[in-house]
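K.L.:
the following comprises the amino acid sequence and a computationally predicted model.
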Amino acid sequence: MKYIKEYMPGIIFILGISYLSMCINELLKNHINIEALTIAIIIGIIYNNTMGTQNIFKKGVTFSLKKLLKVGIVLLGFKLNIYALLKLGPKIVIMVLVYVTAALTLSIILGKLFKVDKKLATLIGVGTSICGASAVVAMAPCINADDDDSVISVSVVSLLGAIGVILYSAIGTSFIDISSVQYGVWSGISLHGVAHALAAAFALGDKSGEIGTIVKMTRVLMMVPISIVLSSIFNKEGIKNKKAKFPTYVLYFILASVINSFKIIPVDMTRILTKASSLLILMAMTGMGLSVDFKSILNKGIRSFVIGTILFIILSTLSLVIILNFI
């Protein structure tokens, strides 16, 4: 009962914003194509940076962002068909490997140019290349990063990811000629967090959303080898560290997609699970917006924000050019 009392106000608050975003989407959809996911993020950011998210809501917001998102992603697996996704071929795996390596390397180089601490620059690179704030939190112990480094990195990648959702949605729906497959790959391979990638990918429909999800999950799997590499590098510098834990929800996501591909459960049940997935992910997006704090970035890490911005512009632009020409 104690936990219910602590989390329920925030969850109800997020449900209210989620419902509002769906209503706004219904009102605007005949005039401008902005998904409820994007609207929820915008409302959350505006609220948190004007009114400030009240303490009574914070535990529910954190629960929605960290726990409900993972459940939503697992249930999203019931929407995926492995056979269709395998048609993307080995190109995607190669692109993910190149992207993650390039992002980390470029982040460290930019850190040296802007005289930002190596561990902070590394965390920004990790958050940009793998899965946003989750990767930062998971990887910080591997390199023995300070709490301030983690806070700044999380703030930078969360804000840039939220901005990316809005920009990608606008670009994909209005400004360039891009297929659902190309757009899904672009969102999945270049946006920061899982929430960001999914919010943007679904802006062009279910097909792009499904592809974006599987590409993003491939990036999330890179958490394990990258944690081993970074642990080894910083261990040579005399730092005691530990490896990041493997994100087990990715395994459940894969299992759900296998179950759906082989039609093991009834179609009606699959439909219910996927609708639940959509609601949980929408709630997580709202929680993400309510967690973006402009002041934290301005007060503690303006140079870090500059590095993250340059990194994002270069990687998103290059990846788009490559995808449009080779996917």
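P.N.:
Good, I have the coordinates. Note that the coordinates shown come from a computational prediction; the quantities given were computed from them, not determined experimentally.

K.L.:
in stretch 191-209, what's buried?
P.N.:
By 16 or more other CB atoms under 10 Å, the buried positions in stretch 191-209 come out as 191-204, 207-209. Where you see a C-beta, it was placed from the backbone N, CA and C, and this is true even at glycine.

K.L.:
again with stretch 214-229
P.N.:
Neighbour-count burial for stretch 214-229 [16+ other CB under 10 Å]: 214-224, 226-227.

K.L.:
send me that stretch as PDB with only the CA atoms.
P.N.:
Output in PDB follows, covering the C-alpha atoms of stretch 214-229 (Å, rounded to 0.1, in the frame of the first residue of the first chain):
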ATOM      1  CA  ILE A 214      14.200  -3.400 -33.800                       C
ATOM      2  CA  VAL A 215      17.100  -1.200 -35.000                       C
ATOM      3  CA  LYS A 216      17.100   0.600 -31.600                       C
ATOM      4  CA  MET A 217      17.100  -2.700 -29.800                       C
ATOM      5  CA  THR A 218      20.100  -3.800 -31.800                       C
ATOM      6  CA  ARG A 219      21.900  -0.600 -30.500                       C
ATOM      7  CA  VAL A 220      20.800  -1.400 -26.900                       C
ATOM      8  CA  LEU A 221      22.500  -4.800 -27.200                       C
ATOM      9  CA  MET A 222      25.800  -2.900 -27.700                       C
ATOM     10  CA  MET A 223      25.700  -2.000 -24.100                       C
ATOM     11  CA  VAL A 224      27.400  -5.200 -23.100                       C
ATOM     12  CA  PRO A 225      30.400  -5.200 -25.400                       C
ATOM     13  CA  ILE A 226      30.900  -1.400 -24.900                       C
ATOM     14  CA  SER A 227      30.900  -1.900 -21.100                       C
ATOM     15  CA  ILE A 228      33.600  -4.500 -21.400                       C
ATOM     16  CA  VAL A 229      35.700  -2.300 -23.700                       C
END
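
K.L.:
starting at the chain centroid, how far to it?
P.N.:
Taking CA atoms, centre = their mean, to the nearest Å, one finds the center of stretch 214-229 at 13 Å from the center of the full chain.

K.L.:
which residue is nearest the centroid of the chain?
P.N.:
Against the mean C-alpha coordinate of the chain, by CA atoms, centre = their mean, the closest residue is residue 193 at 1.8 Å.

K.L.:
where does that one fall, phi/psi-wise?
P.N.:
In terms of degrees, to the nearest 10, the main-chain angles of residue 193 are phi -90, psi 170.

K.L.:
surely residue 293 touches residue 155?
P.N.:
Yes - Residue 293 lies in contact with residue 155 (CB atoms under 8 Å); the separation is 6.0 Å.

K.L.:
higher neighbour count, these two?
P.N.:
Counted by other CB atoms under 10 Å, residue 293 and residue 155 do not tie: residue 155 has more neighbours, with 27 against 19.

K.L.:
tell me the buried residues in whichever strand or helix holds that one?
P.N.:
Under the criterion of DSSP states H and E, residue 155 resides in helix 147-170. Within helix 147-170, the residues that count as buried by 16+ other CB under 10 Å are 149-169.

K.L.:
stretch 105-112 too?
P.N.:
Counting neighbours by 16+ other CB under 10 Å, one finds that the buried residues in stretch 105-112 are 106, 107, 108, 110, 111.

K.L.:
how about the buried residues of stretch 214-229 in JSON lines, adding pLDDT, secondary structure and distance to residue 321?
P.N.:
JSON lines is the format used below for the buried residues of stretch 214-229 (pLDDT from 0 to 100; DSSP: H, G, I helix; E, B strand; the rest coil; distance: CB to CB, whole Å):
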{"residue": "214", "pLDDT": "84", "secondary structure": "helix", "distance to residue 321": "22"}
{"residue": "215", "pLDDT": "90", "secondary structure": "helix", "distance to residue 321": "17"}
{"residue": "216", "pLDDT": "88", "secondary structure": "helix", "distance to residue 321": "20"}
{"residue": "217", "pLDDT": "81", "secondary structure": "helix", "distance to residue 321": "24"}
{"residue": "218", "pLDDT": "83", "secondary structure": "helix", "distance to residue 321": "20"}
{"residue": "219", "pLDDT": "86", "secondary structure": "helix", "distance to residue 321": "19"}
{"residue": "220", "pLDDT": "81", "secondary structure": "helix", "distance to residue 321": "24"}
{"residue": "221", "pLDDT": "77", "secondary structure": "coil", "distance to residue 321": "25"}
{"residue": "222", "pLDDT": "83", "secondary structure": "coil", "distance to residue 321": "22"}
{"residue": "223", "pLDDT": "78", "secondary structure": "helix", "distance to residue 321": "27"}
{"residue": "224", "pLDDT": "74", "secondary structure": "helix", "distance to residue 321": "29"}
{"residue": "226", "pLDDT": "86", "secondary structure": "helix", "distance to residue 321": "25"}
{"residue": "227", "pLDDT": "80", "secondary structure": "helix", "distance to residue 321": "30"}
